[in-house]
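Asker: pasting the sequence and the predicted coordinates here, then a few questions.
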Amino acid sequence: MIFSSSTFLLVFLPLTVICYFLVLGRACKNILLLLASLVFYAWGEPVYLFLMIVSIIVNWGFGVAIGSTHGPARKALLALDVTANLGILGFFKYEGFLAANVNALLGHALIPDLQLPLPIGISFYTLQALSYVVDVYRDEVPPQRNPLYLGMYIAMFPQLVAGPIVRYSTIQDQILHRHESLRDFAAGARLFCVGLAKKVLLANTVAILATNMLAEGGPAIGAIGAWAGLAAYTFQIFFDFSGYSDMAIGLGKMFGFKYLRNFNYPYISRSVTEFWRRWHISLSSFFRDYVYIPLGGNRVTPPRWVFNLAVVWLLTGFWHGAAWNYILWGLYYLALLLLEKLLIGQWLRRLPAPIQWAYTALAFMGGWLLFWIEDLSAMGQYLLALVGAFGATGSSTFWELGAWSFIPVLLMCALASTPIVPWLRARVVAWTIGRPLAKGTFMSDDLPNTRLLSTDSLCDYEGYASDGELSDAPRRRKVAYGVVLLASDIALVAMLLLSIASVASGSFNPFIYFRF
Amino acid sequence: MYQSLRAAFIACFSLVLCAILITAALSFLPVGLPAWLKNPTYSSQLEGRTYEKRPSLSVAALEDGSFQDAFEQYVSDRIPSRDRMLMANASLQRALIATAALPFGYDVYPTFYGSGTVYDSKADMVAPLPERQSPKQEESYRAAAEALSAFASAHPDLNMVFCEVDRLEFSGANPASGLISDPIDRPYMRSRFLSQLPSNLQVVDLEATDKEAFVTDYFRSDHHWNVGGAYKGYTKILDTLLPGATPVTVYGSDTWDNIPFFGSNARLGLCEVVEHDVITDLAYDESDLSVRIDERDESIESLRHRESYDAGAVSDDRYQNRYAEYFHGDFGIIEITNHDKPEGEDIVLIGDSFSNAMERFVAEHYRTTYVIDPRRYPETLGDFVESHPVENVLFVLGGTTYVNPTVISFIGGAEG
């Protein structure tokens, strides 16, 4: 099941929420979430439900065993669990890729290509399960002795399909001691509306342009079509992915969970290094904490450090999909990060901000080109189109390209990629309660707490200003403040209705996580 | 303040998400729902389909995903005021597209993102996007011409006329025709299809002379011609089919202004034209006609629902297909007998829905007129002419019909 479907929005979610708040007791609520998550998963992948259950049982068993073992056996158990998890992931995700390449290299079919459909979300829930067992091994968390609770953590439907990768340490206390409140429910519902609108109204719309341009191919679309298509894909992947993350975090909040933030306006970054601190944060931090640092991080010799980075970026690329373009994409970022760290980083920081943004935008758009087009010859043609080899519009007319009709949506996407909304909100709040206005433009705004990646302030109106601060404000300003908040809620409900209308009308609704 | 805002928001959010659950639950209780909350029918005229019924659950259907797909559609179809919601969604997108079109000076733009139809804001007209030329399409034209040639050479004694109607997809009147590279247009179709037809198959090309002529003879929101266009087509055909014959004399027309018609292009493009189309019929002295449709006796009213329209006995669905409602839907075979004509000359009219507005005029000239929709007739044309003593064969087909593989088999099947 996917969030942007009528079944989820109009049947599964209302029923789950109603049942969740009707049942009493933490244990019952947790089991209800586990059952709902298994139904959610089975809806899309009934055949692979057993795989999910096997993963839960295996990791629960290893977690308990590691927690009650000492000495070398503990390490052996960890190695076994990691092998089991990676073995399952490797078999289902990479078997076809391995078969195709080994057989092509040998010239005969040594490995049969089983053409297994990829179990949805396997890359996400495998990493979650791994993080749990490794954390138990490191004594950072106690083992979860209740398999149902561990099952709820691994299979939890909000983040099952597209992340964020929630670490067990983040929610271990919340499994038994979370507190649901109307305040969190409202904040979560608002965030869910924002995420749904990002996915359905922005990502799905620009996806039409991106898909059309890719389907037509470089010679047919020329430079204008190629750049428009690439820009559209750049926004598609961001709003699709961050929309899913917002929905997941919002749903979690509705049920009392507090997940960490996964995206922090990555498209306002001024360097590739910064981009990766803001993009898919849960994945970057997973690889940092479970691969890069165990390999020695940067406290090693320079060649070893480069090796460590190379391992991380090869894995990052390969994790995204079993194809060469994803590996190329990982290596591309390795090269850019090394370039920034070793050569141009200092110099880049001294350049005017617009140039830094332009450089970073070009860099991540180049990355998305590698990520987007699996067929290397099609990618070559597209690249040629980007540099004008097929003229401005290729064999099409400018009208026919249709890129012009997407200009308002692309502009909306560009604005929504920046923290303009929280920036404006901060100004309204400051004006109301007489706080001094923060300096800087909306392009330099940031999360309130970048270190903790807190989501507390997201869509939580009560967090903007305390009652004390508000009570001192003049009445006229308080009314204005209330009107702004009310208008925000009306806009959110309108966005929800529009999103449902779009979903129900069967509009283009691509699912880009089938490779993850 | 926060508390009341929070409560209001949660209420709205929950109400929206639970709308289907609530309306479904209420439908089991003895309470009346307002009409706008109901999804009143089992089908949508706007979408031209029957709504999905509640799918039955089975392990096999769950495994292959067909249950999930059907359930998704079932839930989508239960949304209250679904038609209005679809139109509103498309209108919002069209507003964005129209804004984008302004700086470029485009009057013609897609009706929504990803739409295959365009809206011409100057002419207030909705049209399908022209198709681009392709080897596949060229092959279809070749196959259609071969089928017709095979039939014509097998029946040299028949008087045969092929009439190509001017479908907007291919017409020079299409507002987007000059905006697309290498479109399939009438010159292309002439060179690939009409010029390939055998000499004993006389051709009547009903291409509109210009956009103004097209707008006069065709609906602005539907792919069909109006009755005026059908009459003009009939007079041209008659010149070729029965040289020297006098067309029926028209002495007036009736228009039902109070019954709005949003045609197939408007429905497909989810775009209501500002000034809606209306159904018009011509007034002339009808002969004494009797009608059989698919082997059943029917009245002449079944070919043009004049009495129903006069009485206002029409569907109240805003998006009803009025063309089909006034004339009729597509049937396998219609047999029209003109009792004012002596036994003798008969004709078979092979037509798609365009012929629905014209067949009555043709029937004025023959004792028996058979109207066959080749997409719905189970036998081949060869079989038909073997079993029915017709002397004349008239094809009235649009460019999307005669390339249809079913139609090609119907025409060329027996000989092929």
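Answerer: Noted; the coordinates are in hand.
Asker: quick one: residue B:251 is in a strand?
Answerer: Yes - under DSSP: H, G, I helix; E, B strand; the rest coil, residue B:251 sits within a strand.
Asker: pLDDT score assigned to the closest residue to residue A:132 other than its chain neighbours?
Answerer: The shortest distance from residue A:132 to any non-neighbouring residue, by C-beta to C-beta, 6 or more residues apart in numbering or on different chains, is to residue A:168 (4.0 Å). Every residue, glycine included, has its C-beta placed from N, CA and C. Note for residue A:168: predicted pLDDT of 92.
Asker: you'd agree residue A:168 is up against residue A:138?
Answerer: No - the pair residue A:168 / residue A:138 is not scored as a contact, 11.5 Å apart, by C-beta atoms under 8 Å.
Asker: pick out whichever of the two has more residues nearby.
Answerer: residue A:168 (25 against 14; other C-beta atoms under 10 Å in any protein chain shown).
Asker: how close does that one get to chain B?
Answerer: 30 Å (C-beta to the nearest C-beta, to the nearest Å).
Asker: same check on residue A:49?
Answerer: Counting by C-beta to the nearest C-beta, the separation of residue A:49 from chain B is 11 Å.
Asker: contact partners for that residue?
Answerer: A:38, A:41-42 (C-beta atoms under 8 Å, 6 or more residues apart in numbering or on different chains).
Asker: ok, and the most crowded of the residues you listed?
Answerer: residue A:41 (24 neighbours).
Asker: pretty sure it sits against residue A:154.
Answerer: No - counting by C-beta under 8 Å, residue A:41 sits too far from residue A:154 to count as a contact (10.4 Å).
Asker: joint contacts of those two?
Answerer: residue A:52.
Asker: got CSV for the contacts of residue A:49, with secondary structure too?
Answerer: CSV is the format used below for the contacts of residue A:49 (three-state DSSP):
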residue, secondary structure
A:38, helix
A:41, helix
A:42, helix
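Asker: intersect these with the contacts of chain B.
Answerer: Contacts with chain B within these, counted by C-beta under 8 Å from any C-beta of the partner chain: none were found.
Asker: wait, which of the residues you listed is closest to chain B?
Answerer: residue A:42 (8.1 Å; C-beta to the nearest C-beta).
Asker: who's in contact with the closest one?
Answerer: residue A:49.
Asker: quick check: the gap between it and residue A:375.
Answerer: From residue A:42 across to residue A:375, the span is 33 Å (C-beta to C-beta, to the nearest Å).
Asker: just to be sure, residue B:336 is in a strand?
Answerer: Yes - the assignment for residue B:336 by three-state DSSP puts it in a strand.
Asker: quickly list what it is bridged to.
Answerer: Following DSSP bridges, residue B:336 is listed with bridge partners residue B:291, residue B:369.
Asker: surely it touches residue B:299?
Answerer: No - judged on C-beta under 8 Å, residue B:336 makes no contact with residue B:299 at a distance of 11.7 Å.
Asker: where is the longest helix in chain B?
Answerer: helix B:2-27 (DSSP state H).
Asker: next helix or strand past it?
Answerer: strand B:43-44 (DSSP states H and E).
Asker: from the contact counts, what lies against that next one?
Answerer: Contacts defined by 3 or more C-beta pairs under 8 Å, 6 or more residues apart in numbering or on different chains; DSSP states H and E place strand B:43-44 against no helix or strand at all.
Asker: what pLDDT, on average, does that strand get?
Answerer: On average, strand B:43-44 scores 80.
Asker: go on, stretch B:383-399?
Answerer: pLDDT averaged over stretch B:383-399 gives 91.
Asker: got the contact list for that stretch?
Answerer: B:148, B:155, B:158-165, B:167, B:169-170, B:184, B:189, B:223, B:233, B:237, B:241, B:345-352, B:354-355, B:358, B:362, B:366, B:368, B:370, B:372, B:377, B:381, B:402, B:407, B:414.
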